[in-house]
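Enquirer: Sequence plus the predicted model coming up.
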Amino acid sequence: MDIIYTSLLGAALTLYTLSMVTGFVHLFRPWPKALAWSKYSIQAGFAFHLLAFLFRCGQTQTLAVTNMPESFSFFALLLTMAFLLVNRKKPMPILGTFISPLLIIFTLWAVVTSHTITPQPPILKSFWLPLHVLLSFAGNAFLALGCGVAVIYLLQEHLIKKKKIKGIFRKLPALQRLDELNYLCLRLGFPLLTLGIISGSVWASYAWGSHWSWDPKETWSLITWLLFAALLHGRMNSGWRGRKASLLTIIGFAAIMFTFLGVNLLLSGLHSYVH
Amino acid sequence: MHIVSLGLNHQTAPVETRERLAFKSEALPAALQQLKEEAGLSEGLILSTCNRVELCGISHDLDQCRDKLINFLANYHQIPSETFADKLYFHTDSDAIRHGFRVASSLDSMVVGEPQILGQLKDAFFIASESSSTGLILNRFMHRSFFIAKEVRTRTKIASCAVSVSFAAVELAKKIFGDLNGMKVMLIGAGEMCELAARHFVSQGVEQVLVTNRTFGRAQELAGEFSGIAIPFEKFRQELDQVDIVLSSTGSPDYLIGPAELAQALKKRRNRPIFLIDIAVPRDIDPKVNDLDNIYLYDVDDLQEVVTENLDQRQQEAQRAEVLVDLEVVKFEQWLASLAVTPTIKELREQIKEISEQELKKTLAGFPDLSSKERRRLEAMVNAIGNKFLHHPLNYLKSQDGSGESLPATTIRKIFHLTENESK
């Protein structure tokens, strides 16, 4: 059975890699079809990734986020979905190229690690858990997408400020477009993250009898939330934009990654997968 | 039958010479008529722009063609031919075809890749074909020229980047603002370059133009041209927060705008970016403002550098375009060659038809009692002999792609005495 899961995930990984390569070809070489290739392969990669995930859910009989590799694969899936959704509203295919390294790392991790199904501790079985995970992950996916936009913004801004207006300058979008998209990601991601934390808190009160227990994951989520709350406030009320907003988005993304990865690897708490 | 072209351009002749040989477009129909008569051309075309004057046509006698064309120019413009003859280029056959394709594709232009020449060539062709001075060959030649020009534009990046300072400014503004609809531009000073750049911006959707100048009257005058607003010079700094793009070109010896003014403006406009273009020498805007977030400053040297780089890129793309042109030249020559054997084929057919009819007449005169059915049988037989006899020679001719003077066509014409027939 695992061979099916691994194959589907492997196909997704290959297509994401193809998308990244063709995306960079588009940036650095005059091959007109490269961008279309990049766009279609990320879409196909998403389809395989979704199949792999659904198959895994069937195997585990729950939302397949029972261990770290699965979680990261799920996060990558949501990140691709966030990209495809945003891309429909405000087309910017080149953004796919900038998030694809992240997709590749996370999917690769899920492919190469062991595929034993971790039995769920009974304490985690509840309707609130999948909801909490889904909302927080989706929120973080949009914010991570915003980080991809921020990276392109800083790159393009650097090129314009330093007057290197040739080569990839022509291939990258306009600053204003990037800033708008960064804001859009924030406006989508932040409410989802907020709901994720609230639903988590509701679930915690059922599972552990307390809404908030200051375990490292909760603390870091709060830090992340406060960072993005500050950014949203700054954007709405103080005219934060452009470079400043982009830098903050990237710092916020680093906090997300730490909440995700660092907390589990370095600090132990209620949210650890292995107790 | 040869395609010929004779002319001069910005590389071979100074503007004084080009001016004197230029044709007015309303005078072209008459000039075309005169050209064909005096130079013995069966088809003719005149292209006259500020960078070039060219005569193109179909000639059947190459020996004196060049002299006749020069004489035509001298007669038409009433100037002695010695004054310009050494500045002319003269191309025939495949060189003339290549030259025509290169001109149309803007590979021969002063700024390689600038598309105006194609429009001018289309106009020249329109006039020539309206006055019936083009025929089968030039019509196709021109259509292939337009086709190859389009190919070069779409398949190379020859025209993809700005090669003038004002276009470079527009291109940059688009990479900052995305699109320029609803943007506001401020002109400080009223230099020509500033005005030109402002026109480009307006054509790209800029909504409003503010103009300021030390002489308020001049500001009002210029503002009128853009249906914009004139601002007294002492007050323009207070308006900086209103505008997205600033074009400056005053004669001021000192900086007019520094970081302090712009920091204030940014605060008022909640950090929405401002793009400043300083065309003045000495500069009007303190280069330190470029260190501010959301401020983008380019001076005339920065833009000039962009333009130079883009020109280099065009030169590289031009080499790719030459390959496309070469391919098309070969194709056109093949078409011409197939055209050249067509008359031979036609005359051969006519000759055998004539012989058959004559012989049939003679024979039938001796048999007055034949029924109409028997007559038709005889006619069919004679025609069949003729057609079958010609079958192989014609196939051989059709497979040749030499020109009209090539060996197969010439030999066959000699063998069958076709040249004699033609001259009769």
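Expert: Nice, thanks for sending it over. What you are looking at is a predicted structure, and each value in this text was computed from that prediction instead of being measured. Numbering: from 1, shown residues only, chains lettered A, B, ... in the order given.

Enquirer: Using PDB, list the CA coordinates for stretch A:95-103.
Expert: Listed in PDB are the C-alpha atoms of stretch A:95-103, where the atom choice follows Å, rounded to 0.1, in the frame of the first residue of the first chain:
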ATOM      1  CA  LEU A  95       5.500  33.300  -7.800                       C
ATOM      2  CA  GLY A  96       5.200  29.500  -8.200                       C
ATOM      3  CA  THR A  97       8.900  29.400  -9.000                       C
ATOM      4  CA  PHE A  98       9.800  31.100  -5.800                       C
ATOM      5  CA  ILE A  99       7.700  28.900  -3.600                       C
ATOM      6  CA  SER A 100       8.600  25.700  -5.400                       C
ATOM      7  CA  PRO A 101      11.900  25.100  -3.500                       C
ATOM      8  CA  LEU A 102       9.900  25.000  -0.300                       C
ATOM      9  CA  LEU A 103       7.400  22.600  -1.900                       C
END
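
Enquirer: what's the offset of the host helix or strand of B:Ile176 from the middle of its chain?
Expert: Counting by DSSP states H and E, the element that carries B:Ile176 is helix B:165-177. With C-alpha atoms, centre = their mean, to the nearest Å as the basis, helix B:165-177 stands 26 Å off its chain's centre.

Enquirer: And that helix, what's buried?
Expert: When neighbours are counted by 16 or more other C-beta atoms under 10 Å in any protein chain shown, the buried residues of helix B:165-177 are found to be B:Val165, B:Ser166, B:Phe167, B:Ala168, B:Ala169, B:Val170, B:Glu171, B:Leu172, B:Ala173, B:Lys175, B:Ile176, B:Phe177. The C-beta positions use only the backbone N, C-alpha and C, and glycine is treated the same way.

Enquirer: B:Arg199 is in contact with the fifth one, correct?
Expert: Spelled out, it's B:Ala169. No - when contacts are counted by C-beta atoms under 8 Å, B:Ala169 is not listed as touching B:Arg199 (11.5 Å).

Enquirer: still on that earlier bit, for the next helix or strand after the helix holding B:Ile176, packing partners?
Expert: On the C-terminal side of helix B:165-177, the nearest following helix or strand under DSSP H and E is strand B:184-188. For strand B:184-188, the packing partners by 3 or more C-beta pairs under 8 Å, 6 or more residues apart in numbering or on different chains; DSSP states H and E come out as helix B:192-203, strand B:208-213, strand B:245-248.

Enquirer: mind running it again at 10 Å?
Expert: helix B:192-203, strand B:208-213, helix B:216-225, strand B:229-232, strand B:245-248, strand B:274-278 (3 or more C-beta pairs under 10 Å, 6 or more residues apart in numbering or on different chains; DSSP states H and E).

Enquirer: angle of it against helix B:165-177?
Expert: Taking axes from the mean of the first three to the mean of the last three C-alpha atoms, to 10 degrees, strand B:184-188 and helix B:165-177 form an angle of 140 degrees between their directions.

Enquirer: Chain B contacts on the stretch 151-275 of chain A?
Expert: Of all the residues in the stretch 151-275 of chain A, those in contact range of chain B (C-beta under 10 Å from any C-beta of the partner chain) are A:156-157, A:159-167, A:169-170, A:172-180, A:235, A:237-245.

Enquirer: Domain map for chain B?
Expert: For chain B, whose domains are defined here by automatic domain parsing, the residue ranges read B:2-160, B:165-304, B:334-423.

Enquirer: Mean pLDDT for those domains - can I get that in JSON lines?
Expert: Conversion of the domains of chain B to JSON lines gives the following (pLDDT from 0 to 100):
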{"stretch": "domain B:2-160", "mean pLDDT": "90"}
{"stretch": "domain B:165-304", "mean pLDDT": "89"}
{"stretch": "domain B:334-423", "mean pLDDT": "79"}
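
Enquirer: I'd like those laid out as TSV, including distance to A:Lys90.
Expert: Formatted as TSV, the entries for the domains of chain B read as follows, by distance: least, C-beta to C-beta, whole Å:
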stretch	distance to A:Lys90
domain B:2-160	24
domain B:165-304	11
domain B:334-423	49
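
Enquirer: So which of those domains is nearest A:Leu108?
Expert: Nearest to A:Leu108 among those is domain B:165-304; the distance by C-beta to C-beta comes to 34.5 Å.

Enquirer: Now do the closest one: distance to the chain's middle.
Expert: Centroid separation between domain B:165-304 and its chain, computed with C-alpha atoms, centre = their mean, is 35 Å.

Enquirer: No further queries at this time; thank you.
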